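Q: Quick one, fold the following:
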Amino acid sequence: MKIVKTVLLIAAVAALVAGGVYLSLVFLDNARLLAAANANKSGNLFNDPMHNIFLVSGLALGGGLLLGLGIGLPVQTRGAVRRDALDEANAQRRSAIAKGAAQHASLPETGAAGAAPQQPVIEPPAPQGNL
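A: From the prediction side, this is the model:
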């Protein structure tokens, strides 16, 4: 998807540049036509610029459409976004497992004199009732 987006952006910029060039050419042709018409010269001095105007309009429309598509497409593909989310979830899970293992494996602290810690005393259950 990233390649398609890049190609669309390049095509859109090229179409917009071509549209700008043709627009300036049409503007100059129309200026010469108006100058000839104002000088009362009747004859086929210049070609009709309407086909150029239609070409410029089509290029501007196509360039705008491609530019909008290129800007609107996502930067990452769906698979890349999913892979990033799974990697992040796995990293969090591994961190939680490592933290739990570190807490479980931690040794009890020794006393002030360096003696071993006392083990808990397990007492047998008290007799209940008449035996």
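
Q: okay, CA-based contacts and neighbour counts for the rest of this
A: Will do.

Q: Give me the phi and psi for the residue nearest the centre of the chain.
A: Geometric centre of the chain, nearest residue: Val75, 2.6 Å, by Cα atoms, centre = their mean. Dihedral pair for Val75: phi -70, psi -40, per degrees, to the nearest 10.

Q: For the helix or strand encompassing Ala12, enumerate the helices and strands it packs against.
A: Under the criterion of DSSP states H and E, Ala12 resides in helix 2-38. Judged by 3 or more Cα pairs under 8 Å, 6 or more residues apart in numbering; DSSP states H and E, helix 2-38 is in contact with helix 50-72.

Q: What residues sit buried inside the following helix or strand past the helix it packs on?
A: Downstream of helix 50-72, the first helix or strand assigned by DSSP H and E is helix 78-105. By neighbour count with 16 or more other Cα atoms under 10 Å, helix 78-105 contains no buried residues.

Q: Rounded mean pLDDT for helix 78-105, please.
A: Regarding helix 78-105, the rounded mean pLDDT is 86.

Q: How far does that helix sit from its chain's centre?
A: 24 Å (Cα atoms, centre = their mean, to the nearest Å).

Q: before we move on, what about stretch 25-36?
A: Centre to centre, stretch against its chain (Cα atoms, centre = their mean), the figure for stretch 25-36 is 45 Å.

Q: and the gap between the residue nearest to the centre of the chain and Ile3?
A: 10 Å (Cα to Cα, to the nearest Å).

Q: ok, now Ser24?
A: Counting by Cα to Cα, the gap from Ser24 to Ile3 is 32 Å.

Q: Between those two, which has more neighbouring residues?
A: Per other Cα atoms under 10 Å, whichever of Ser24 and Ile3 has more neighbours is Ser24, with 13 against 9.
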